[in-house]
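Colleague: Mind looking at a prediction? Sequence and model below.
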Amino acid sequence: MAEKNQFQAESKRLLELMIHSVYSQKEVFLRELISNASDAIDKLYYKKLTEEKETFKREDHYIKIVPDKEKRTLTIKDTGIGMTEEELKENLGTIAKSGSLEFKSQIETEEDFDIIGQFGVGFYAAFMVADKVVVETRAYGSDKAFKWESEGADGYTIEPTTKEEVGTTITLTLKEDREDENYSEFLEEYRLREIIKKHSDFIRYPIKMDVTKRRKKDDSDEYEEYVEEEIINSMVPIWRKQKSELTKEDYENFYREKRYGFDKPLHYVHTSVDGAVRYHAILYIPENIPFNYYTPDYEKGLELYSNGVLIMEKAPELLPDYFSFVKGMVDSDDISLNISREMLQHDRQLKMIERNITRKIKNELLNLLKNDREKYERFFENFGRQLKYGVYSDFGAHKETLQDLLMFYSSKEKKLVTLAEYVERMPEDQKYIYYATGESIERIEQLPQTELVREKGYEILYFADEIDEFAIQMMHSYKDKPFKNVASGDLGLETEEEKKAAEKETEQHKAMFEKMKEILSGKVKDVVVSKRLRTHPVCFTIEGGLSLEMEKVLKQMPNGENIKAEKILEINTNHDVFKALVNAFEKDDEKFKLYTNILYNQAMLIEGLPIEDPIQFSNDLSKVLV
Ligand code: ADP
């Protein structure tokens, strides 16, 4: 008896999930095993082609499905690259690949076991239908063969065996039928044919099966049965088919078969280009955000095929960072099979394909925005932030490409709008595109600084995402209309008279404001009469390009502790608080100091900024109350 090996902890969990799976579409196990077999043939093809020692004859390579009703087994045989003893251990004893790991983290947050069948869980899916799984395999270049065997979560054995041909044979002993579960169907020809057609039709190697047929006996009216090997799948890769031949479901199946994501695609594009550069591509926008998308772990890239042979699973060179959410594949005859990772970066053809694809994605998104707003908004909720990073990054080099794809929440429409829509609606006399920043839409809605702009009837864009203001500052303007923060000192709204009046008033109270500045020394740059406040007593405005929201973001960065926006404390002279302030200034030094500090801290709170000394603030408030 061979020694029993334990599964790695994650594998064991996944495997247990499979064993106890209540997923109704258990049939997907076959898709998973066929995909693995096809990948294994791809790998062998690639290896032979690049090593150029041996030629790869396509016709020698296939996948064969053999049901055996007597033994109650289903066998999946391939002529792929096979596995060494080490690889067997590594690949079937541990979850190595991200696909399965992603699955794991997903299932922890979702109670729903039904997601099992919606995306790839790989080899372990076999345990949804089988009590026992035996893998016999011989690696390319080796004369040794090994047998891996497992009856479930308590481990597996590996022992030497003999095998004539290179490749892998997987034998499943199907579970017994139960009242509510039928496993015998996976031994029926018609059912297997149905499953293969449904899930694996575009696999590019023949999937063969012995099929029982009937024919008339020679010179008689009697029929006889005979067995003939048949290729079940159509084999033409989906990307080489005509779009008109394909349905939405085909594209969704391909997305799943390829494990581009565990969701459904929100949108897809199929494109074939035949010009200076030739390629086929299928590109997807996922419906959900990949769980690690906004982390450094996420790797962008498309699958790269050279004339139908997979040469790279993730070629990052094919996508700009700002479209890193796009999944899919490119097949080009113009890319050399022997291309290395290093060479990819300098390959002219590849650069051209990337440029083409980028343009294609952009146009597709613009189309979506125009023709299916609801879908576009769903896309934007998920990946809009990436587009905004794109505007900001590389010193604004992509702002032209991306600006028409941006959306922001509008004070008037109460929903997302584009910059073009905003500018379109601007009244003749409006000079700027106004925006306000804050933690959330609800908070921004309440900001005192927006009062005057609202009163003028102008639309305000709400920036609740940290990146927003950085991005538009990089743009500076849109269609020659500069952006303006409603918290900036000069809003470009006040008439000359209004400005003069405010200046005069500031002048009148100069001594008082000077005193306030002294009390708030180092905290505010100036104290002035407000031209914008209507109902609120106090607020901050800013001078220079750095806003309070940006200060908050930059403060969290390394060496950012000392970054400070230049705050101006604006006081509403029409507010009763102002009278109290003047009164205290004239009569009571202590009180004046107290009021000044409270007003300052109020302005801090409005901005969601931390108060330097909350205990002092609380004591100050108490003093006012008694
Ligand atoms: P994934 O396919 O997502 O990597 P699986 O659990 O399905 O995860 O398979 C794990 C690994 O086992 C594969 O990546 C592959 O290296 C290897 N493998 C599985 N099936 C075969 C096969 N039929 N031939 C060769 N290697 C295989």
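Modeller: Alright, I've got the coordinates.

Colleague: what is the mean pLDDT for stretch 184-201?
Modeller: Here stretch 184-201 scores 92 as its mean pLDDT.

Colleague: Any buried residues in it, and which?
Modeller: 185-187, 191-193, 195-196, 199-201 (16 or more other C-beta atoms under 10 Å). No exception for glycine: its C-beta is placed from N, CA and C like everyone else's.

Colleague: Output the residue of this structure whose distance to the ligand is smallest.
Modeller: Gly122 (2.5 Å; C-beta to the nearest ligand atom).

Colleague: Verify the contact between that residue and Asn36 for me.
Modeller: Yes. Using C-beta atoms under 8 Å, Gly122 is in contact with Asn36, at 7.0 Å.

Colleague: Identify the residues contacting the nearest residue to Gln430 once chain neighbours are set aside.
Modeller: Ranked by C-beta to C-beta, 6 or more residues apart in numbering and with sequence neighbours excluded, the top spatial neighbour of Gln430 is Tyr458, at 5.7 Å. Tyr458 sits next to 426-427, 430, 434 when contact means C-beta atoms under 8 Å, 6 or more residues apart in numbering.

Colleague: List the buried residues of stretch 137-147.
Modeller: In stretch 137-147, counting by 16+ other C-beta under 10 Å, buried: 137-140, 145-147.

Colleague: What lies in contact with it?
Modeller: 44, 47, 81-85, 87-88, 134-136, 148, 158-163, 165-169.

Colleague: how far out from the middle of the chain is that stretch?
Modeller: Computed by C-alpha atoms, centre = their mean, to the nearest Å, the chain-centroid distance of stretch 137-147 equals 39 Å.

Colleague: let's number from 32 now, not from 1
Modeller: All right, first residue 32 from here; so that's stretch 168-178.

Colleague: and Gly183, that's in a strand?
Modeller: No. Per DSSP: H, G, I helix; E, B strand; the rest coil, Gly183 lies outside any strand segment and is coil.

Colleague: wait, it sits on His51?
Modeller: No. Assessed by C-beta under 8 Å, Gly183 is found out of contact with His51, at 10.3 Å.

Colleague: Settle it for me: which of these two has more neighbours?
Modeller: Legend: neighbour count by other C-beta atoms under 10 Å for Gly183 and His51, higher for Gly183 (17 against 11).

Colleague: residues near the nearest residue to the more buried one once chain neighbours are set aside, how many?
Modeller: Closest residue to Gly183 apart from its sequence neighbours, by C-beta to C-beta, 6+ apart: Ile50 at 5.8 Å. When neighbours are counted by other C-beta under 10 Å, Ile50 registers 16.

Colleague: continuing past the helix or strand of the chain with the lowest mean pLDDT, what's the next helix or strand?
Modeller: Across the helices and strands of the chain, the lowest-confidence element by mean pLDDT, DSSP states H and E is helix 129-140, at a mean of 47. Per DSSP states H and E, the first helix or strand lying C-terminal to helix 129-140 is strand 161-169.

Colleague: close to the ligand, is that next one?
Modeller: No. Strand 161-169 does not reach the ligand (C-beta under 6 Å from any ligand atom); its nearest approach is 6.5 Å.

Colleague: now do the same end-to-end measure for stretch 335-345.
Modeller: One end of stretch 335-345 sits 7 Å from the other (C-alpha to C-alpha, to the nearest Å).
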